[in-house]
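Student: test case, fold it:
(chains A, B, C, D, E and F)
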Protein chains: 6
Amino acid sequence: MYKEIAAVLENSVNELTKEGPVSLCSHNNPTKLPSLEKIKDCITLLQSVIFPGYFGQQIDNVSTLHFHIGVKLEKVYTLLQEQIYRTLLLYEKEVTEEHASDITLRFIESVSEIRRVLMTDVEAVYLNDPAAKSKRDVIFCYPAILALTHYRIAHRLLTLGVPLIPRIISELAHSATGIDIHPGAMIGESFSIDHGTGVVIGETCIIGRNVRLYQGVTLGAKCFTLDERGYPVDTPRHPILEDNVTVYSNTSILGRITIGHDSIIGGNVWLTQDVAPYSKIVQHKAVRNQSV
Amino acid sequence: MYKEIAAVLENSVNELTKEGPVSLCSHNNPTKLPSLEKIKDCITLLQSVIFPGYFGQQIDNVSTLHFHIGVKLEKVYTLLQEQIYRTLLLYEKEVTEEHASDITLRFIESVSEIRRVLMTDVEAVYLNDPAAKSKRDVIFCYPAILALTHYRIAHRLLTLGVPLIPRIISELAHSATGIDIHPGAMIGESFSIDHGTGVVIGETCIIGRNVRLYQGVTLGAKCFTLDERGYPVDTPRHPILEDNVTVYSNTSILGRITIGHDSIIGGNVWLTQDVAPYSKIVQHKAVRNQSV
Amino acid sequence: MYKEIAAVLENSVNELTKEGPVSLCSHNNPTKLPSLEKIKDCITLLQSVIFPGYFGQQIDNVSTLHFHIGVKLEKVYTLLQEQIYRTLLLYEKEVTEEHASDITLRFIESVSEIRRVLMTDVEAVYLNDPAAKSKRDVIFCYPAILALTHYRIAHRLLTLGVPLIPRIISELAHSATGIDIHPGAMIGESFSIDHGTGVVIGETCIIGRNVRLYQGVTLGAKCFTLDERGYPVDTPRHPILEDNVTVYSNTSILGRITIGHDSIIGGNVWLTQDVAPYSKIVQHKAVRNQSV
Amino acid sequence: MYKEIAAVLENSVNELTKEGPVSLCSHNNPTKLPSLEKIKDCITLLQSVIFPGYFGQQIDNVSTLHFHIGVKLEKVYTLLQEQIYRTLLLYEKEVTEEHASDITLRFIESVSEIRRVLMTDVEAVYLNDPAAKSKRDVIFCYPAILALTHYRIAHRLLTLGVPLIPRIISELAHSATGIDIHPGAMIGESFSIDHGTGVVIGETCIIGRNVRLYQGVTLGAKCFTLDERGYPVDTPRHPILEDNVTVYSNTSILGRITIGHDSIIGGNVWLTQDVAPYSKIVQHKAVRNQSV
Amino acid sequence: MYKEIAAVLENSVNELTKEGPVSLCSHNNPTKLPSLEKIKDCITLLQSVIFPGYFGQQIDNVSTLHFHIGVKLEKVYTLLQEQIYRTLLLYEKEVTEEHASDITLRFIESVSEIRRVLMTDVEAVYLNDPAAKSKRDVIFCYPAILALTHYRIAHRLLTLGVPLIPRIISELAHSATGIDIHPGAMIGESFSIDHGTGVVIGETCIIGRNVRLYQGVTLGAKCFTLDERGYPVDTPRHPILEDNVTVYSNTSILGRITIGHDSIIGGNVWLTQDVAPYSKIVQHKAVRNQSV
Amino acid sequence: MYKEIAAVLENSVNELTKEGPVSLCSHNNPTKLPSLEKIKDCITLLQSVIFPGYFGQQIDNVSTLHFHIGVKLEKVYTLLQEQIYRTLLLYEKEVTEEHASDITLRFIESVSEIRRVLMTDVEAVYLNDPAAKSKRDVIFCYPAILALTHYRIAHRLLTLGVPLIPRIISELAHSATGIDIHPGAMIGESFSIDHGTGVVIGETCIIGRNVRLYQGVTLGAKCFTLDERGYPVDTPRHPILEDNVTVYSNTSILGRITIGHDSIIGGNVWLTQDVAPYSKIVQHKAVRNQSV
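Tutor: Sure, this is the predicted structure:
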């Protein structure tokens, strides 16, 4: 038996080694791919820096908070700088560690601004949900805040020119919450999502301030253009939602259309055309009642 | 470079320390927030107490099970008592550790009842899914049971007067299963959910015995009233489902309406009005066939 | 206080020990249930064998990859053999460790084929999503690939006659991605899912090559037959999708119907009848515009 | 560089694999040697069973102590049974798991007697050291108690016929304390060692009750006989210390001699002959004083 | 078999529970003994505060060192305060957490002084050992520095009135280095020990500045007085070594005698009488040469 | 209270940050000191490569051993290369990573030779101790083998020009066994130590083949020369032991003297002069017997 096991393992190792994994690797350094685990650690650290006491270990003394934030931000710097460096190497031939370091520092400088905006989201979620007893509850357990923390970090990294990592971050949030926000989307302050499972916000969405979504809302593309080689082209193809728009559950808004400010879109609507400001769109549904 | 890194970190620490995290804390003890990690540990322990051998380490000998359950329940007591105490301190000025201890003991006394009810849910899921080969399979891998274990624990804690923690527990289940059951909902025995992703059950729902839901079902609020300050009011606003109701996938039932017993609501329905007992509601859908 | 705590614990332990957990156990060996944790470890190892460098620790040197794959495959063998053996014991009286070992070896032999097919899925996802910048990104962070890796492993184990474990594996993917693929489904090469949350693919589905689904698509059963004892019967009851079919978001296709090859089914459609090849099905939706 | 590293590793692996490690393994099962780590875990568990609250996690409630001891003893059973089984397989061809199980149960039955004797040692150490403030201090931090806990466990296993493991246990104590007691030695109750570093107690020593040793004391062999093949013969070759003997620091007592009861042996003595009861042996030392 | 195992475990648990562990506990709180693990953690943290970069994680940037030392010192405070509180409760009825906190703060204030003195020890060890290539080597790997770090911390805690914990700390060093320094001893600056295994320094020793010891040196008691109950009395009973004394390997100096300053005591000497300053004591040893 | 704690921490951090740790750092890179933890990990890996199955995880299948050794040796390479690089940077200005890599590869090439020599030590220990039941026992639990594994690794690194790390390795063994062998010593094959606590073997010792030592033996320097600055000079100052020499317990052999081959030195001897081949040296000890 031991012999047979060894033979099968030996064969399988040969099969699995000779095929292509290498070709998936980078041309600069064939093996140092970024690490999902370390990117996850970064986010965990950032959560505890942004919401100290809520995430990460408990705070024993507010007066010594700066020590903890200092140690954590430095860890974020070390982890993130390495991951950014590795990722840039996958896409560009000439990359310096200094460049990765510079991007990382620009990111760290913006953490307090990210926190400021997230606090407007916390406020918005709190005001929109009667089940929310306090802003504290919102920070602790609303998936919307978890998803937006990831999104706002990922979006910032994307604008700093970091490839791949923003997408990895947004998938971490997608997995944990069922809310799928592409890091390329632009989302204004005071954004709120209720429940959230199934929400999809596409790459080229533009969302104003004080917009509110419910579970199952898709802000998607209607179709996409192929280039001459048959590859899809990455053009603006997702909706624009102006300020103060509300979209109820399971509605799909598709294509580069504009939903005018202060509009309300009801649940289960399939929408592919522009909507004027102050509109209210609902879906007529024929329902047939049968005796059982 | 080292100098610049240190300068950026120093500045960011100052920014992040001077702003508001303290104001989010409690007035009694500014820093001891409850711990998501420890609440999670409690649930993991309770799962292995309720379904021994399925969750937690394997059981070597059924005759020594009481030792294991004893150690685990004591750990639950210790962890939960501390978390309840901390949480009560966030909301009330006069809280004693004895009070937290008392609530925790009341909770522990009800674990065997929670298990009894969960076994009716296991039975119901098993009977309703042809893909379920045995009740064992249902316990092991049906997200409905995971979600209901969390819900029934959270609901019990809520009725014992524990704030915040029930909601944290229900979000743990939401994240793991995509099923979002508010701990305030009242759900009878023999409840089953199939697949489950996207199910939302609101805070004031009342659900009878032997009710069955499919994926994507929303039992939500239609709208909510604002009080004089503009805050939403927390009144009964979610549906009542009487005994033996079945709701198929992606249907939304909204507002304080009643679905009479033994009714069947088809998939993709948008329902905002009462339904008599023994009704069968389906959705006519116009479908247009085009050649490509 | 200490006395009371001890009394409550003692009572609860008695309650929880005397009731039924034993009856849920196997008749052969009353206590050795399979372990969720170890099955999870297997999958993690397999991911790092199939996509080395992407999952698991980084690769320092491509020339020594065979050592790493060897150690990991052997660990997979050891873990999986034990879990399969335990699981078989739950269902059959006469099981030998050799039989479990044999199944495990057959599985390991097919890992390289699983990888080949998964690479066609990676290619398909890449071609279908303009937001995907490279195949590398697809492997790293597309939930579709995560779900399909689990599915293809689970399906292979199912065809080798392993009970329960395939279902546990598919629920791991369901929890992480919101995509619920039953391991019994048959899915061809070059399969892609976009976003994915809420996708349900039932046990008896048959899906051709080059099929594409969007989020919220249900390939479900319309109803199911009960046998003389009132238990649901496990017959073919889910749709067949032929090659090159695309199904847009939130559409439900129910029952043993056939969607002909090269058809496109639009979003939010509720479909319960056969569709001819090259069809294009869309949903007319009446939308009412109201001023607010 | 990568190529060269791979080449060196490949060569070294070949060198290290082709040579003899296998020949060191057992003939029954060539690979399952006992595990140092798991034997260590056993001892750690036994320490926390024997001195609950001193070692292992804190005790929250004395009334629930039986749960904890139950869980720990069962773990000891599981770990030790496997290690004993593996070890027996190294030495004998016909070994059953039942036999290993039986030995393990006999051992577990004697743990409370081991504890009783250890408490006499605690008492003796306490009475003999003016620096000991309480018996609690002695349990917590006297290396003598650590060494004797290991010794009394190891000796019991040896008398139950377990090979190798007793020696591994005594080396764990040797490493932690510098006290080297062979598990074959027979040591009476109320035994005490002060400081302890460098103490050596040989395999065939017989030590009465209420004996006291100081650091650096050797109870060793003077020489040993070789058999016809040139191997040393394992005969009684270490001293006998009768009741109430005290031996001061750095003294060596060598060979199968008897130190009569109630004798005192001073420090730095080299003793190879019998000593009558009630003797007092000291060492004359010529000291020469020189001006520097 | 399972039945028998359960029976043996049940019996042994009863035996081990009914006997005395409780009587070993404190009268205030019967169960919260101090934790060896946490005291160990404290020491590990203090080592990395005193010798940053040598112990604990690496330092990435000297300019951010204050963050790390801040976090670590706060952890030391939290851990140590709890351990001191628990330990005081074992000995006194009226203890406040504030008192434990106050002692801990006084200790933390003296850490920089402890570091200053340890640096004189590092210097002394470096100057006295030709094998020491740099002070860096001395900090990294000389057991003398490990033992003195423990001793100087333990001694400081003792002078602050903390029972038990200092002794636990000195046994940690004893176990790791074979050097046994009682925390009650008073040891001046620039103290060095070479090799160290077997060194014993008793509770009431007084050691001046710039004293040097080699391995196996005992500074012990000659005998001790018993009180009327037969318990040993804790009086000054160990030697006084004045400044600049050197003692070579394996020498024992016993009783309350004084070794005058600038004296040298050779190896293997047994000394129980005062020695004048500037003395040089060596041992004549008769050696007999035999042909084999 | 919180304020005072914060103030004390703040002050202590300032004190501890402003003083000297930096000056202890390297001139090249002020902060990257080698890591004790990682060096320890290397040794643990090497032990499991040299004695597979005895240390590290169990071996399931001898035929797949090469995978495990491959993975471990690669880890050794990665860990050790970094530690050697960091260490070289502490001593030299111009160091390349390639140089560190080259040294590491040379070391890895010699691991199989180290193993060969260690097997002669195992044989020697086995032949010399009647308590040793098999060579397996010797590998598993004799501190001599633990110490010699460390020594032979450390010595090889020293001859390859690695500073500091060899000394750190020998102190790891010293701490675990009480045997202190300087990595600079030269020790022939078939070397054995019995018990071992307190053995000291100095930097410039030269030890032939088949030499045997007992516990407490010092092979030390008699005195050492100071250079013009008052620093000790690192010249040959420890004994030479020719082939087949045996030294019994607690004997000190000091200075650059030669013990001729095939000599036996008894216990407790203080020896500072050359000894001819085939000599037998014992110590006459006057013993005074007193009635108590």
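
Student: spatially central residue in chain A, please.
Tutor: Central residue of chain A (C-alpha atoms, centre = their mean): A:S170, 2.9 Å from the mean position.

Student: now A:Y126. Its backbone dihedrals?
Tutor: phi -60, psi -40 (degrees, to the nearest 10).

Student: oops, could you answer that again for A:I145 instead?
Tutor: The phi/psi pair for A:I145 (degrees, to the nearest 10) is phi -70, psi -40.

Student: what is the neighbour count of it?
Tutor: Using other C-beta atoms under 10 Å in any protein chain shown, A:I145 has 24 neighbouring residues. For the C-beta atoms, the positions are set from N, CA and C on the backbone; glycine is no exception.

Student: so how far is B:T120 from it?
Tutor: Taking C-beta to C-beta, to the nearest Å as the measure, A:I145 falls 35 Å from B:T120.

Student: go on, A:L254?
Tutor: In terms of C-beta to C-beta, A:L254 sits 43 Å off from B:T120.

Student: now A:S170: which helix or strand?
Tutor: helix A:165-177 (DSSP states H and E).

Student: quick one: the very next helix or strand once past that helix to chain centroid distance?
Tutor: As assigned by DSSP H and E, the chain's next helix or strand after helix A:165-177 is strand A:180-181. On the basis of C-alpha atoms, centre = their mean, to the nearest Å, strand A:180-181 sits 5 Å off its chain's mean C-alpha point.

Student: strand A:180-181: what's the following helix or strand?
Tutor: Defined by DSSP H and E, the subsequent element after strand A:180-181 is strand A:186-187.

Student: counting contacts, what elements does that next one pack onto?
Tutor: Contact here means 3 or more C-beta pairs under 8 Å, 6 or more residues apart in numbering or on different chains; DSSP states H and E; on that basis strand A:186-187 packs against helix A:143-159, strand A:206-207.

Student: could I get the longest one in PDB with only the CA atoms?
Tutor: Listed in PDB are the C-alpha atoms of helix A:143-159, where the atom choice follows Å, rounded to 0.1, in the frame of the first residue of the first chain:
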ATOM      1  CA  PRO A 143     -22.300  45.000   6.800                       C
ATOM      2  CA  ALA A 144     -22.700  48.200   5.000                       C
ATOM      3  CA  ILE A 145     -19.900  49.800   7.100                       C
ATOM      4  CA  LEU A 146     -17.700  46.800   6.700                       C
ATOM      5  CA  ALA A 147     -18.200  46.900   2.900                       C
ATOM      6  CA  LEU A 148     -17.600  50.700   2.700                       C
ATOM      7  CA  THR A 149     -14.500  50.500   4.900                       C
ATOM      8  CA  HIS A 150     -13.100  48.100   2.400                       C
ATOM      9  CA  TYR A 151     -14.400  50.100  -0.600                       C
ATOM     10  CA  ARG A 152     -13.000  53.500   0.500                       C
ATOM     11  CA  ILE A 153      -9.600  51.900   1.200                       C
ATOM     12  CA  ALA A 154      -9.600  50.100  -2.100                       C
ATOM     13  CA  HIS A 155     -10.700  53.100  -4.000                       C
ATOM     14  CA  ARG A 156      -8.000  55.300  -2.500                       C
ATOM     15  CA  LEU A 157      -5.300  52.700  -3.500                       C
ATOM     16  CA  LEU A 158      -6.700  52.600  -7.000                       C
ATOM     17  CA  THR A 159      -6.500  56.300  -7.400                       C
END
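
Student: which parts of that helix are buried?
Tutor: Within helix A:143-159, the residues that count as buried by 16 or more other C-beta atoms under 10 Å in any protein chain shown are A:143-158.

Student: how about the closest residue to chain D within the stretch 101-250 of chain A, what does it touch?
Tutor: Across the stretch 101-250 of chain A, no residue is closer to chain D than A:L164, which sits at 23.9 Å (C-beta to the nearest C-beta). Neighbour list for A:L164: A:34, A:87, A:90-91, C:133, C:136-137, C:140-141 [criterion: C-beta atoms under 8 Å, 6 or more residues apart in numbering or on different chains].

Student: hmm, C:Q215 and A:N250 touching each other?
Tutor: No: with contacts counted by C-beta atoms under 8 Å, A:N250 stays clear of C:Q215, the gap being 11.2 Å.

Student: and the contacts of stretch A:106-125?
Tutor: A:46, A:49-50, A:73, A:76-77, A:80, A:132, A:135, A:138-139, A:142, A:144-145, A:148-149, A:152-153, A:156-157, A:160, A:189-194, A:210, A:212, B:8-9, B:11-12, B:15-16, B:19-20.

Student: give the other helices and strands that the lengthiest helix in chain A contacts.
Tutor: For chain A, the longest helix by residue count, based on DSSP state H, is helix A:65-91. Applying 3+ C-beta pairs under 8 Å, 6+ apart, one finds that helix A:65-91 contacts helix A:36-50, helix A:97-109, helix A:165-177, helix B:2-18, helix E:65-91.

Student: distance of the residue in the stretch 51-200 of chain A that chain F sits nearest to relative to chain D?
Tutor: Residue nearest to chain F within the stretch 51-200 of chain A (C-beta to the nearest C-beta): A:S63, separated by 3.4 Å. Distance, A:S63 to chain D, by C-beta to the nearest C-beta, to the nearest Å: 29 Å.

Student: list the residues that contact the closest residue to that residue other than its chain neighbours.
Tutor: Using C-beta to C-beta, 6 or more residues apart in numbering or on different chains and skipping the chain neighbours, the partner closest in space to A:S63 is F:A6 (3.4 Å). With contact set as C-beta under 8 Å, 6+ apart, F:A6 has these partners: A:61, A:63-64.

Student: among the residues you listed, which one has the lowest pLDDT?
Tutor: When the contacts of F:A6 are sorted by pLDDT, the bottom entry is A:N61 at 80.

Student: correct me, but that residue touches F:E4?
Tutor: No: the pair A:N61 / F:E4 is not scored as a contact, 10.3 Å apart, by C-beta under 8 Å.

Student: quick one: which of the two has more around it?
Tutor: Using other C-beta under 10 Å, the more surrounded residue of A:N61 and F:E4 is A:N61, with 19 against 12.

Student: any idea how far the closest residue to A:E82 other than its chain neighbours lies from E:P239?
Tutor: Using C-beta to C-beta, 6+ apart and skipping the chain neighbours, the partner closest in space to A:E82 is A:K38 (7.4 Å). Relative to E:P239, A:K38 is positioned 56 Å away (C-beta to C-beta).

Student: same question, A:L16
Tutor: 70 Å.

Student: give me the low-pLDDT residue ranges for chain A?
Tutor: Along chain A, the model assigns pLDDT under 70 to residues A:1, A:19-31, A:224-227, A:229-232, A:284-292.

Student: please redo it, this time with the cut-off set to 90
Tutor: Residues of chain A meeting the criterion pLDDT under 90: A:1-12, A:14-33, A:53, A:55-65, A:90-94, A:128-134, A:136-137, A:221-235, A:267-270, A:282-292.

Student: return the residues of it in contact with chain E.
Tutor: For chain A, the residues in contact with chain E (C-beta under 8 Å from any C-beta of the partner chain) are A:60-61, A:64, A:66-71, A:74, A:78.
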